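# fold the following, please.
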Amino acid sequence: MKNTLKKLIPYAVVGVMSGATTFGAFSYFNQNNQGSDFSYFAPKNTDAKYASFNMTGVGDDFVKAAKMTVPAVVSIKNFSAKKGRGNEQDLFDLFFGNPRQQQQQQTPPPNMPTGMGSGVIISPDGYIISNNHVIAGANKLEVVLSNKKSYIANLVGTDPTTDIALLKIEEKGLPYLNFANSDNVDVGQWVLAVGNPMGLNSTVTAGIVSAKGRSIDLLSQNSRTPIESFIQTDAAINPGNSGGALVNPNGELIGINSAISSKTGYYEGYGFAVPANLARKVVEDIKKFGLVQRGFLGVLSVDLSNPQSVAAYNREKKTNLKQGDGVYLIEVVAKGGAEDAGLRNGDIITKVDNTVVSSYYDLSFAVGSKRPGDKVMVTYLRNGKVNTVNVTLKDQQGGTALRSKADLSVTEKIGAEFEPLSEKFKTDYGLNSGVVAKNVQDGSEMANIGIVDNYIVIEVNGKPVNSQKDIEKQLQSYKGNVQIKYVDEYGRMTTRGFKMP
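Coordinates of the predicted model:
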């Protein structure tokens with residue numbers, strides 16, 4: 001059965017692993033992280049402007065900004081039980097530290113964190129923003145303030161699509177940072193990066209904004225719909241700075257430090273931060289609704305700026321698509337916002353509202369920072385002619401209403417859909433029950449226990465399942481721990497659990 005299932009079930013994780021990306025949230029057990037091209041780091045004031053200033057007095061401005069920022073930046077300790085599972089590994093395991101050394105990594109002592117990162121207090125009542133990869137897999141999260149006070153934090157919610165997480169500690173009167181309007185950031189503007197690199201608490205570094213709207217194809221390893229429009233800076237950022245603050249000389253938050261471009265895994269002059277406007281929208285959604293409200297155009301596309309994507313499409317479809325700027329539509333989803341507005345296959349999107357769309361990431365940022373029901377003005381080329389149209393964005397279920405967790409179906413809550421196995425398949429492979437997992441959502445409960453597309457779920461809470469309705473029936477009103485028995489791509493049967501959200 002093992003060999004046969006290995007052939008029949010595509011291993012969706014292979015493409016994720018091939019990037020050899022390592023998380024830069026400071027790891028206690030793998031600090032010598034070599035050879036990676038990109039390394040993760042593991043109120044509001046939307047009208048804020050940036051005052052220009054001369055080099056005279058820059059030192060004083062930095063001192064003022066540092067004094068405002070340091071008390072609001074915290075250290076986050078991630079305690080996760082990484083138990084040995086033979087050849088099985090958590091998806092995140094391979095990204096913490098050197099993948100070649102990870103196989104020999106021992107289970108850490110229960111009182112020792114497996115990784116550290118940073119976070120930013122964004123309200124006086126204890127809400128803290130950080131990176132999703134900083135808190136990934138945690139059984140316990142400990143937050144340490146700059147004054148050394150320690151708290152156990154509750155995880156409010158996460159968004160792998162933007163690598164943002166929201167935490168909460170029970171305290172009042174805390175120092176915090178205001179969000180600035182990151183759209184007003186200028187290239188060449190002075191900035192400070194504040195965090196806890198290499199386990200060194202409350203470290204401040206200075207630099208300038210090197211570029212805006214950068215995409216480095218990093219978040220696609222954790223999300224099917226990544227949103228990347230990073231602020232690039234040359235302020236020194238190292239592992240452990242993950243989730244820390246990028247601020248202007250006024251001490252206002254313009255970004256959340258998330259990644260570096262590095263051959264060694266350490267600072268080489270190129271750091272990347274999630275823009276404050278996007279980060280603020282994500283945490284506001286999580287706080288208010290319990291989940292991120294994200295709008296979609298309802299299209300499948302080819303990034304014309306990516307020569308590999310264009311070449312692959314031409315080979316597969318035997319076409320002669322030309323490389324250039326924009327996003328070429330290869331499928332307009334039925335009943336989606338794009339179809340309703342009259343967009344068609346072959347159209348090339350070049351602009352959304354005031355954002356010029358040169359690549360897929362420009363489009364994902366312009367649309368992904370909106371909510372279902374929002375309207376956007378889409379500019380596109382059809383047969384060489386420029387057209388514009390208003391598109392009402394929808395969610396992935398085709399709706400325009402904002403929803404809370406209580407509005408989600410069972411399968412949405414656990415993050416997967418399920419298709420039945422044929423009776424012939426069950427007979428051929430000796431199975432009495434089973435459904436095939438499809439559309440497993442990044443960061444979902446199903447994904448977190450190791451299930452990917454095409455794994456076979458056999459039982460839920462010890463009872464056989466043969467359809468999605470069986471799973472919905474088992475979990476519709478269920479509260480507590482859920483046990484899922486499934487078969488992976490090697491034919492191994494595994495039982496793992498999660499708490500029903």
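# how about stretch 301-315 as CSV, C-alpha atoms only?
The C-alpha trace of stretch 301-315 is given here as CSV (Å, rounded to 0.1, in the frame of the first residue of the first chain):
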residue,chain,number,x,y,z
SER,A,301,-3.1,34.7,-14.3
VAL,A,302,0.4,34.7,-15.7
ASP,A,303,2.9,37.2,-14.4
LEU,A,304,4.2,38.8,-17.7
SER,A,305,7.2,40.2,-15.8
ASN,A,306,8.4,36.7,-14.9
PRO,A,307,10.2,35.1,-17.8
GLN,A,308,10.0,31.7,-16.3
SER,A,309,6.3,31.9,-15.9
VAL,A,310,5.8,33.1,-19.4
ALA,A,311,8.1,30.4,-20.8
ALA,A,312,6.3,27.7,-18.9
TYR,A,313,2.9,28.9,-20.0
ASN,A,314,4.0,29.0,-23.7
ARG,A,315,5.4,25.5,-23.5
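# please state the offset of that stretch from the chain centre?
24 Å (CA atoms, centre = their mean, to the nearest Å).
# buried stuff in that stretch?
By 16 or more other CB atoms under 10 Å, the buried positions in stretch 301-315 come out as 301-306, 309-310, 313. For the C-beta atoms, the positions are set from N, CA and C on the backbone; glycine is no exception.
# give me the subset of those residues that lies in strands.
301-303 (DSSP state E).
# where does the nearest residue to N131 once chain neighbours are set aside sit: helix, strand or coil?
Distances taken as CB to CB, 6 or more residues apart in numbering place G243 nearest to N131, at 4.4 Å, with adjacent residues excluded. Assigned by DSSP: H, G, I helix; E, B strand; the rest coil, the conformation of G243 is coil.
# what's the most distant pair in the buried residues of stretch 301-315?
Distances among the buried residues of stretch 301-315 were taken as CB to CB; the most separated pair is S305 and Y313, at 13.1 Å.
# now the ones in strands among the buried residues of stretch 301-315 as CSV including distance to G213 and pLDDT?
Formatted as CSV, these follow (distance: CB to CB, whole Å; pLDDT from 0 to 100):
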residue, distance to G213, pLDDT
S301, 18, 93
V302, 20, 93
D303, 15, 92
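# I'd like the residues you listed laid out as CSV, including distance to I451.
Output for these, formatted as CSV (distance: CB to CB, whole Å):
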residue, distance to I451
S301, 28
V302, 29
D303, 29
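# burial check on P124, number of neighbours?
P124 has 13 neighbours, counted by other CB atoms under 10 Å.
# what pLDDT, on average, does the longest strand that the chain contains get?
The longest strand of the chain (DSSP E) is strand 203-214. The average pLDDT for strand 203-214 rounds to 89.
# quick one: that strand to chain centroid distance?
21 Å.
# toward the C-terminus, what is the element adjacent to it?
strand 230-233 (DSSP states H and E).
# which SSE is A65 in?
Counting by DSSP H and E, A65 is part of helix 58-69.
# give me the contact list for the very next helix or strand once past that helix.
For helix 58-69, the succeeding helix or strand toward the C-terminus, using DSSP H and E, is strand 73-79. Residues outside strand 73-79 that contact it (CB atoms under 8 Å, 6 or more residues apart in numbering): 25, 42, 110, 112-121, 128, 130, 134-146, 153, 167, 194-196, 201-202, 243-245.
# buried ones among these?
Here, 16+ other CB under 10 Å leaves 25, 42, 113-121, 128, 130, 134-138, 141-146, 153, 167, 194-196, 201-202, 243-245 buried among the contacts of strand 73-79.
# now, which of the residues you listed lie within strands?
Per DSSP E, the subset of the buried ones among the contacts of strand 73-79 in strands is 115-121, 128, 130, 141-144, 153, 167, 194-195, 245.
# could you give the mean pLDDT of the helix holding A65?
On average, helix 58-69 scores 81.
# same check, this time on stretch 344-361
94.
# just checking, what packs against the longest helix seen in the chain?
Assignment by DSSP state H gives helix 276-289 as the longest helix of the chain. In terms of contacts (3 or more CB pairs under 8 Å, 6 or more residues apart in numbering; DSSP states H and E), helix 276-289 is packed against strand 127-130, strand 150-159, strand 164-168, strand 253-261.
# so which of those strands comes closest to L174?
Among those, the nearest to L174 by CB to CB is strand 127-130 (9.1 Å).
# partners of that closest one, with directions?
strand 115-121 (antiparallel), strand 164-168 (antiparallel) (DSSP bridges).
# can you map out the helices along the chain?
2-8, 13-17, 58-69, 99-102, 132-135, 276-289, 307-317, 337-341, 360-368, 410-414, 423-428, 445-448, 468-475.
# any chance of those helices in JSON lines, with distance to T233 too?
Listed next are the helices of the chain as JSON lines, based on distance: least, CB to CB, whole Å:
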{"stretch": "helix 2-8", "distance to T233": "45"}
{"stretch": "helix 13-17", "distance to T233": "27"}
{"stretch": "helix 58-69", "distance to T233": "14"}
{"stretch": "helix 99-102", "distance to T233": "27"}
{"stretch": "helix 132-135", "distance to T233": "19"}
{"stretch": "helix 276-289", "distance to T233": "13"}
{"stretch": "helix 307-317", "distance to T233": "28"}
{"stretch": "helix 337-341", "distance to T233": "35"}
{"stretch": "helix 360-368", "distance to T233": "18"}
{"stretch": "helix 410-414", "distance to T233": "37"}
{"stretch": "helix 423-428", "distance to T233": "53"}
{"stretch": "helix 445-448", "distance to T233": "31"}
{"stretch": "helix 468-475", "distance to T233": "45"}
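# which ones are touching the residue nearest to P307 when sequence neighbours are not counted?
Excluding the flanking residues, the one nearest P307 by CB to CB, 6+ apart is Q323, at 5.4 Å. Going by CB under 8 Å, 6+ apart, Q323 touches 304-305, 307, 310.
# same thing but at 10 Å, please
By CB atoms under 10 Å, 6 or more residues apart in numbering, Q323 lies in contact with 303-311, 314.
# how about it, phi and psi?
The phi/psi pair for Q323 (degrees, to the nearest 10) reads phi -70, psi 150.
# do the one 10 residues further on as well
Geometry field for V333 lists phi and psi as phi -70, psi 140, criterion degrees, to the nearest 10.
# count of residues packed around the residue nearest to V333 when sequence neighbours are not counted?
Nearest-residue entry for V333: G298, 4.0 Å, with adjacent residues in sequence omitted and distances by CB to CB, 6+ apart. When counting by other CB under 10 Å, one arrives at 23 neighbours for G298.
# isn't Q441 up against P160?
Yes. Applying CB atoms under 10 Å, one finds Q441 in contact with P160, separated by 8.8 Å.
# ok, the two, which is more surrounded?
P160 (23 against 20).
# for the chain, give me the ranges with low pLDDT.
Across the chain, the ranges flagged by pLDDT under 70 are 1-60, 81-110, 217-224, 261-268, 442-443.
# mind splitting it into its structural domains?
As given by automatic domain parsing, the domain ranges for the chain are 22-289, 299-392, 409-499.
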